[in-house]
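K.L.:
output the structure for:
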Amino acid sequence: MSRRLSAALGLALLALPSATYAQARKPAPTKPAAQPNTPAANTPAASAFTPSHIALAREVMLSSGIARSFDSVLPAFADQIRKQAVTRPDLAKDLDEVLASLQPEMELQKQRMIDIAARTYAAKFSEVELQEIATFFRSPAGKHYVEAQPQLLDEMVQEMQDWTQDVSEYVMVRVRAEMGKRGHQMQ
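P.N.:
Modelled structure (predicted):
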């Protein structure tokens, strides 16, 4: 599960370059900034945006591939429930049926998260910026970028683990050497 969480977080990070590029090209939105730790800052009201602004935000969020991370959450909940019931094998059939019957409700919950994410995008990007970002994701390069994200993320997570180990060892060797120059021996 930790690799999935890392992958989900990394997926969000991979979507940032194109968003950051679009933001850098245009002036900041003219909406007043919400104060930190206020309800408005944490959950932007849908009424603060035009329907077209929300629609573009939703398109960008969906086309960026970020919603894929939501797809893994609900099956993970079902797997956790099944694991908790492992000591009661007599429940397996009924539990599977109940979980299957809840799928439409779970899909509504996923759509709720997509709506929340769209409002979050709308709060961070103007309609013009979202249009530019959407144009990128509709382009062949944008589509290829999104298709490559899962593999890129897996490779980056592995490279990050290797890099972290290498840098950790390097820093320790350097610290020992420098401390040795000062007359201190470290293990």
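
K.L.:
what about the helices in this protein?
P.N.:
Secondary structure of the chain, counting by DSSP state H: helices at 2-25, 39-42, 51-63, 68-84, 92-101, 103-124, 127-138, 140-181.

K.L.:
got these as TSV, with mean neighbour count, mean pLDDT and distance to residue 187 columns?
P.N.:
Every C-beta, even on glycine, is put in place using the N, C-alpha and C of the backbone. Formatted as TSV, the helices of the chain follow (neighbours: other Cβ atoms under 10 Å; pLDDT from 0 to 100; distance: least, Cβ to Cβ, whole Å):
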stretch	mean neighbour count	mean pLDDT	distance to residue 187
helix 2-25	15	42	30
helix 39-42	12	39	47
helix 51-63	20	95	50
helix 68-84	13	88	41
helix 92-101	12	92	52
helix 103-124	16	94	48
helix 127-138	19	97	51
helix 140-181	12	95	8
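
K.L.:
from residue 122, how far out is residue 131?
P.N.:
Distance of residue 131 to residue 122, given as Cβ to Cβ, to the nearest Å: 12 Å.

K.L.:
residues that sit against both of those two, list them.
P.N.:
residue 56 (Cβ atoms under 8 Å, 6 or more residues apart in numbering).

K.L.:
correct me if wrong: residue 70 contacts residue 114.
P.N.:
Yes - the pair residue 70 / residue 114 is scored as a contact, 6.8 Å apart, by Cβ atoms under 8 Å.

K.L.:
for the spatially closest residue to residue 130 that is not a sequence neighbour, what are its contacts?
P.N.:
Distances taken as Cβ to Cβ, 6 or more residues apart in numbering place residue 56 nearest to residue 130, at 3.9 Å, with adjacent residues excluded. Residues near residue 56 by Cβ under 8 Å, 6+ apart: 122, 127, 130, 131, 134.

K.L.:
hmm, try it at 7 Å
P.N.:
Each residue near residue 56 by Cβ atoms under 7 Å, 6 or more residues apart in numbering is listed here: 127, 130, 131, 134.

K.L.:
can you give me the end-to-end span of stretch 57-70?
P.N.:
Taking Cα to Cα, to the nearest Å, stretch 57-70 runs 17 Å from one end to the other.

K.L.:
now that stretch: how far from the chain's centre is it?
P.N.:
Centre-to-centre, stretch 57-70 and its host chain are 9 Å apart (Cα atoms, centre = their mean, to the nearest Å).

K.L.:
again, but for stretch 178-185
P.N.:
Centroid separation for stretch 178-185 versus its chain: 44 Å, with Cα atoms, centre = their mean.

K.L.:
for that stretch, which outside residues touch it?
P.N.:
By Cβ under 7 Å, 6+ apart, stretch 178-185 touches residue 186.
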